[in-house]
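Undergrad: here is a sequence together with a model predicted from it:
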Amino acid sequence: ETGVTQSPTHLIKTRGQQVTLRCSSQSGHNTVSWYQQALGQGPQFIFQYYREEENGRGNFPPRFSGLQFPNYSSELNVNALELDDSALYLCASSFGQVSYNSPLHFGNGTRLTVT
Amino acid sequence: AQSVTQLDSQVPVFEEAPVELRCNYSSSVSVYLFWYVQYPNQGLQLLLKYLSGSTLVKGINGFEAEFNKSQTSFHLRKPSVHISDTAEYFCAVSEWRDDKIIFGKGTRLHILP
């Protein structure tokens, strides 16, 4: 069983640039969630995709957007990067639309630094 | 909207001693509760979850948690900790029929030799 993999592991970008983070879901999972974890904080929910449709969104501006592909892999795109976007971005996959009934399986994250 | 409070940002405890990590939640509807663990430079791993039924939930690595609806708490306990338990622990809540899981700020468990 292949776990959740994220790429790249580390990334350094300049303020104003755009970034794309990638996630491959665990085999058999059709739901993917993205979280932002700032230093010393808990993960904050960005959004969730189920069968290629956005299925819930947290309190993040529209410059945070995502995609889910037919093979259930996913991308997180962030436009017009700000210094406060520096964080660990976590992808989590699960099976089914309602996450509570299927545990989230997390990847190891992408560490984004914005300078 | 639901929220989670973990009052202790750090908990130091001697090896082989018991530990309790506190978690309180706020919600106006039925909730589902979780504890996740994050080891250094890794993603989060599910320790245990409460969905319904028995209020005492047993998880992996000898951890257990008790759901207390009247006190809106879900404290995590282990009778004897090991150095390998050094990690960050996150309490999380999801409201009934809501797809998102909300995490607390975490408690760093520091095991003293």
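TA: Right, received. Where do you want to start? Numbers count the residues shown, from 1 in each chain, chains lettered A, B, ... in the order given.

Undergrad: for the rest of this, base every contact and every neighbour count on C-alpha atoms.
TA: Noted.

Undergrad: where in chain B is pLDDT low?
TA: Scanning chain B for pLDDT under 70 picks out the ranges B:99.

Undergrad: so which residues on it come close to chain A?
TA: B:32, B:41-46, B:51, B:90, B:94, B:97-106 (C-alpha under 8 Å from any C-alpha of the partner chain).

Undergrad: what's around B:Trp36, how many residues?
TA: Careful, residue B:36 is Tyr; it's not Trp. 19 (other C-alpha atoms under 10 Å in any protein chain shown).

Undergrad: just give the nearest non-adjacent residue to B:Leu46, would you?
TA: B:Tyr36 (4.5 Å; C-alpha to C-alpha, 6 or more residues apart in numbering or on different chains).

Undergrad: so that neighbour sits in a strand?
TA: Yes: counting by DSSP: H, G, I helix; E, B strand; the rest coil, B:Tyr36 falls inside a strand.

Undergrad: ok, now which ones touch it?
TA: B:Leu44, B:Gln45, B:Leu46, B:Leu47, B:Leu48, B:Tyr89, B:Phe90, B:Cys91, B:Ala92 (C-alpha atoms under 8 Å, 6 or more residues apart in numbering or on different chains).

Undergrad: rerun that using 7 Å as the cut-off
TA: B:Leu44, B:Gln45, B:Leu46, B:Leu47, B:Tyr89, B:Phe90, B:Cys91 (C-alpha atoms under 7 Å, 6 or more residues apart in numbering or on different chains).

Undergrad: same deal with A:Gln18?
TA: Contacts of A:Gln18 (C-alpha under 7 Å, 6+ apart): A:Val78, A:Asn79, A:Ala80, A:Leu81.

Undergrad: wait, the third one touches A:Gly16, no?
TA: Yep, that's A:Ala80 we're talking about. Yes: in this structure, A:Ala80 is within contact of A:Gly16 by C-alpha atoms under 7 Å, at 4.1 Å.

Undergrad: what do those two both touch?
TA: With C-alpha under 7 Å, 6+ apart, A:Ala80 and A:Gly16 have no common neighbours.

Undergrad: neighbours of A:Ser93, how many?
TA: 32.

Undergrad: how about the nearest residue to it, chain neighbours excluded?
TA: Spatial nearest neighbour of A:Ser93, chain neighbours left out: A:Val32 (4.3 Å); criterion: C-alpha to C-alpha, 6+ apart.

Undergrad: that neighbour contacts A:Phe47, correct?
TA: No: taking contacts as C-alpha under 7 Å, A:Val32 lies outside contact range of A:Phe47: 8.6 Å.

Undergrad: secondary structure element for the spatially most central residue of chain A?
TA: Geometric centre of chain A, nearest residue: A:Trp34, 3.0 Å, by C-alpha atoms, centre = their mean. When elements are assigned from DSSP states H and E, A:Trp34 belongs to strand A:31-37.

Undergrad: quick one on the thing from earlier: and A:Val32 and A:Phe47? Which one has more around it.
TA: A:Val32 (35 against 22).

Undergrad: how near is the more buried one to A:Pro62?
TA: 18 Å (C-alpha to C-alpha, to the nearest Å).

Undergrad: separation between B:Gly59 and chain A?
TA: Applying C-alpha to the nearest C-alpha, to the nearest Å, the value for B:Gly59 to chain A is 13 Å.

Undergrad: who touches the helix or strand where A:Ile12 lies?
TA: Here A:Ile12, judged by DSSP H and E, is contained in strand A:10-13. Contacts with strand A:10-13, where a contact means C-alpha under 7 Å, 6+ apart, come from A:Thr110, A:Arg111, A:Leu112, A:Thr113, A:Val114, A:Thr115.
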